[in-house]
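J.: just need the structure, nothing else, for what follows:
(2 chains)
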Protein chains: 2
Amino acid sequence: MSSTISSTPQGFSAFITNLGIRDTTDDFVFIKSSVPCVADGVFTQSLFAGPSVTLSRDNLKDSQAQAIVVISKNANVANGAAGIADAQEVLQLVATETGIAAHNIAIASTGVIGRRYPIEKIRTGLLGLGKKLTDADFHAAARGIMTTDTVPKLVTRQIGNVKLVGIAKGVGMIEPNMATLLTFFFTDAAISANSLRSIFRSTIDKTFNCLSVDTDTSTSDSAVILANGLAGEVSESDFTIALQEVAQELVLKIARDAEGATKVIEVTVDSAINYAQAKKVAKAIVNSPLVKTAVYGADPNWGRVAMAIGKCEDEQEINPELVVISFDNVKVYPNSLTNENLEQLRQIMSKDQVKIHVSLNIGVGEASATVWGCDLSEGYIEINGKYST
Amino acid sequence: MSSTISSTPQGFSAFITNLGIRDTTDDFVFIKSSVPCVADGVFTQSLFAGPSVTLSRDNLKDSQAQAIVVISKNANVANGAAGIADAQEVLQLVATETGIAAHNIAIASTGVIGRRYPIEKIRTGLLGLGKKLTDADFHAAARGIMTTDTVPKLVTRQIGNVKLVGIAKGVGMIEPNMATLLTFFFTDAAISANSLRSIFRSTIDKTFNCLSVDTDTSTSDSAVILANGLAGEVSESDFTIALQEVAQELVLKIARDAEGATKVIEVTVDSAINYAQAKKVAKAIVNSPLVKTAVYGADPNWGRVAMAIGKCEDEQEINPELVVISFDNVKVYPNSLTNENLEQLRQIMSKDQVKIHVSLNIGVGEASATVWGCDLSEGYIEINGKYST
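T.: Predicted coordinates for the structure are as follows:
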């Protein structure tokens, strides 16, 4: 079974530095495996997906990769042909310096949209990259991919000899759709491409794709996993559990560090017709600005939860008369708000993590979904009203 | 043609008062015509639609009505069978007092969800209603339907002898879907039920259904029009123009008074495949929290507009390479942000009304749509974080 002992998978080296992309903090992360890896990636569905996304999507099609490059503080999105050429040049520079073929390198980029890379600085900074590699410091990597994040996000697990580490960044523009912000997983497990793909996609779907900060989908969302096999085979079920735990913890770290967030909101919807319906209703609740501000104000305003369910007007199987709404385990609808439990509810709403539970009670419905988000405070306005072009 | 002379349609009387629903401001509005009216209504699609909505939907099915009752400060939503009985009792009390059949009266209600009417106060307050009617004061009516609105919203037009008045309320929980917040139109035009229905629905669709404050859809949205015919026939094209102007002005009044709003945002998307596509993209932009906060901060952050367009991932005809984004008439994407126009753009973004224009430039695309919304400020959080259950 998985354990939480801090652990670094074998065979990964890294070069993490500041190239002067925007400020003086680390903005360049290169991580390579000593041997080729089985790999997979899922990416934003945005129509304005950047060249990093399109290049990585191509490079991972064969389920193989040996390294990943991340540039933070500049997303290199919406820069036309020049932006595509810049991304290709970065890959080629890294390939030349390290001897790894460009098509075996994944690339990701995050930050402001519509500005070109300071390409001269990158050319200079990457000279001699191959000789600067040291044992991978994943904490430094988690820090190097940050933009406006206030804390680095890293989670590790050990499954027998196999080690797994996941890192992620993201605080806003977060409504992943079949993809996620930026998150990378490294393991020394030996696992087949088909198994890795199936386990990775189902994990991302139930974790990162269930996270929403502000309904805005990034143009740069990327999730990539590299498995180099150096620690030998692993029980697939144990590996699945460990990967889900790592992804789940990263999701909670992101929700907690979301722009302006003071509380995490967890919404579970059950007894739905199917998973898609449960998730749709749960997302409508966790994304409602009025629910988010009620949580911020610690107000057990279940009427806003009912309103949000009501927005799912295509789900005609839902009968409002059968719906039950609870905060934590205290039922509030129907007919359950009393002066007595109001104080108890205000306490529940004041917690760091507020749990909203909705039973649709559709006769034949047995599906459930859980999603995560955060409250909406003046902090979100402050950060995003002042973030300057 | 229509003119803007202040005018009151013939034959409408009213009783507007405080029944003590929540505070001491007017919370009861009754408006009747001296003769039966051709009428129409469109309502929220919310699954949690309140009994006022379901009763009015039934009562307007025959395109006939003679009066309307509005209770504000309490939505009477999610109160189960008791709430339905309360709404029916209100209609019956009014019918008994005025001699108008209950099925010829529309009812609307707005305010907090999940609280029952103080029905005893209503019973007492409505005694002798029939004898208390005076010539309709539509300004008082516009004030009587307010909840957290800061200003009453009323617009009038005159078309020859025919007069038209529209009133509306709404400051939050606004993402009308085939319906609207609360808005009522009264006219003395003589017009057929079919014409009125067609003109009214297309007007609401292009005005109120293009307005979004916070993506949250009210459980009480109702739009009703009563035409009593006392001023005789009207040119349908002139009447259509006048009705659209009235509805359009009401929409802008609502956007301007929206919770915490400091600016109105108008988004126009053109050269789309069809109206639905243009509206979908325009709504994605006007609803994006990151676009809204950029407008609040007067930042010409066109990257966030590109991001919002990118969210419409089902619209595969859209090619980011062909898209053109402008603020007012200043092009910002592609490649058009210079240090020179940055100051001009900041001035544009500082106006009371910020216009965002997107050309999709799809080869065969000739459709366009305009939608309205508002920026997102600390005021929205303040109002909705403190509004208490």
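J.: average pLDDT across the longest strand along chain A?
T.: Identified as the longest strand of chain A according to DSSP state E is strand A:28-43. For strand A:28-43, mean pLDDT rounds to 94.
J.: before we move on, what about stretch A:312-319?
T.: The average pLDDT within stretch A:312-319 is 89.
J.: dump the longest strand of chain A to CSV, keeping only the CA atoms.
T.: Extracted in CSV, the C-alpha atoms of strand A:28-43 (Å, rounded to 0.1, in the frame of the first residue of the first chain):
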residue,chain,number,x,y,z
PHE,A,28,12.8,27.9,-15.9
VAL,A,29,12.4,24.2,-14.9
PHE,A,30,14.0,21.3,-16.8
ILE,A,31,13.6,17.8,-15.5
LYS,A,32,15.0,14.7,-17.4
SER,A,33,15.1,11.1,-16.8
SER,A,34,18.3,9.1,-17.3
VAL,A,35,16.4,6.6,-19.4
PRO,A,36,13.3,7.0,-21.7
CYS,A,37,10.0,7.1,-19.9
VAL,A,38,6.4,5.8,-20.6
ALA,A,39,4.5,9.1,-20.6
ASP,A,40,1.0,10.6,-20.9
GLY,A,41,-0.4,14.1,-21.0
VAL,A,42,-3.8,15.8,-20.9
PHE,A,43,-4.3,19.4,-22.0
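J.: what residues of that strand count as buried?
T.: Buried residues in strand A:28-43, counted by 16 or more other CB atoms under 10 Å in any protein chain shown: A:28-33, A:36-43. Yep, even glycine has a C-beta here, placed from its N, CA and C like the rest.
J.: close to chain B: what parts of the stretch 101-250 of chain A are there?
T.: Neighbours of chain B within the stretch 101-250 of chain A, by CB under 8 Å from any CB of the partner chain: A:112-114, A:172-173, A:175, A:177, A:214-219.
J.: let's see that with 7 Å instead.
T.: Residues of the stretch 101-250 of chain A found near chain B (CB under 7 Å from any CB of the partner chain) are A:Val112, A:Ile113, A:Gly114, A:Met173, A:Asn177, A:Asp214, A:Thr215, A:Asp216, A:Thr217, A:Thr219.
J.: partner residues bridging the closest residue in space to A:Arg197 that isn't next to it in sequence?
T.: With sequence-adjacent residues excluded and distances taken as CB to CB, 6 or more residues apart in numbering or on different chains, A:Arg197 is closest to A:Asp40, at 4.8 Å. Beta-bridge pairing of A:Asp40 under DSSP bridges involves A:Ile225.
J.: ok, A:Asp40 - contacts?
T.: Residues near A:Asp40 by CB atoms under 7 Å, 6 or more residues apart in numbering or on different chains: A:Leu60, A:Ser63, A:Leu196, A:Arg197, A:Phe200, A:Ile225.
J.: name the element A:Lys163 belongs to?
T.: For A:Lys163, the host element (DSSP states H and E) is strand A:162-169.
J.: determine how far the biggest helix by length in chain A lies from the middle of the whole chain.
T.: Longest helix in chain A, counting residues (DSSP state H): helix A:236-256. Distance of helix A:236-256 from the chain centroid (CA atoms, centre = their mean, to the nearest Å) equals 10 Å.
J.: and what of stretch A:287-295?
T.: Using CA atoms, centre = their mean, the offset of stretch A:287-295 from its chain centre is 21 Å.
J.: and for it, what's in contact with it?
T.: Stretch A:287-295 has contacts (CB under 7 Å, 6+ apart) with A:212, A:215, A:263, A:265, A:285, A:301, A:304-305, A:307-308, A:349, A:354, A:373, A:375-376, B:173, B:214-216, B:381, B:384-385.
J.: on that earlier part again, strands - which of the contacts of A:Asp40 land there?
T.: Using DSSP E, the contacts of A:Asp40 in strands are A:Ile225.
J.: can I have the buried ones of the contacts of stretch A:287-295 as a ChimeraX selection?
T.: To isolate the buried ones among the contacts of stretch A:287-295 in ChimeraX, judged by 16+ other CB under 10 Å, type:
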select /A:212,215,263,265,285,301,304,305,307,308,349,354,373,375,376 /B:173,214,215,216,381,384,385
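J.: narrow the contacts of stretch A:287-295 to those in strands?
T.: When the contacts of stretch A:287-295 are checked against strands (DSSP E), the matches are A:Ile265, A:Val354, A:Gly373.
J.: related to what we said a few turns ago, what's the angle from the longest strand of chain A to strand A:162-169?
T.: Interaxial angle of strand A:28-43 relative to strand A:162-169 (axes from the mean of the first three to the mean of the last three CA atoms, to 10 degrees): 90 degrees.
J.: in chain A, which spans are helices?
T.: Using DSSP H, helices in chain A cover A:51-59, A:80-98, A:119-125, A:138-144, A:193-206, A:236-256, A:275-287, A:289-296, A:302-310, A:339-349, A:378-386.
J.: which one, of those, ends up nearest to A:Ile362?
T.: helix A:275-287 (8.4 Å; CB to CB).
J.: in contact with A:Ala95, which residues?
T.: When contacts are counted by CB under 7 Å, 6+ apart, A:Ala95 is found next to A:Ala101, A:Ala102, A:Ile105.
J.: can you check the pLDDT for it?
T.: pLDDT, A:Ala95: 97.
J.: now swap in A:Thr219 and tell me
T.: So, for A:Thr219, pLDDT stands at 77.
J.: that one reaches A:Pro51, doesn't it?
T.: No. Contact status for A:Thr219 versus A:Pro51: not in contact, 10.4 Å apart, counting by CB atoms under 7 Å.
J.: more neighbours: which of these two?
T.: The residue with more neighbours, out of A:Thr219 and A:Pro51, is A:Thr219; 27 against 24, by other CB atoms under 10 Å in any protein chain shown.
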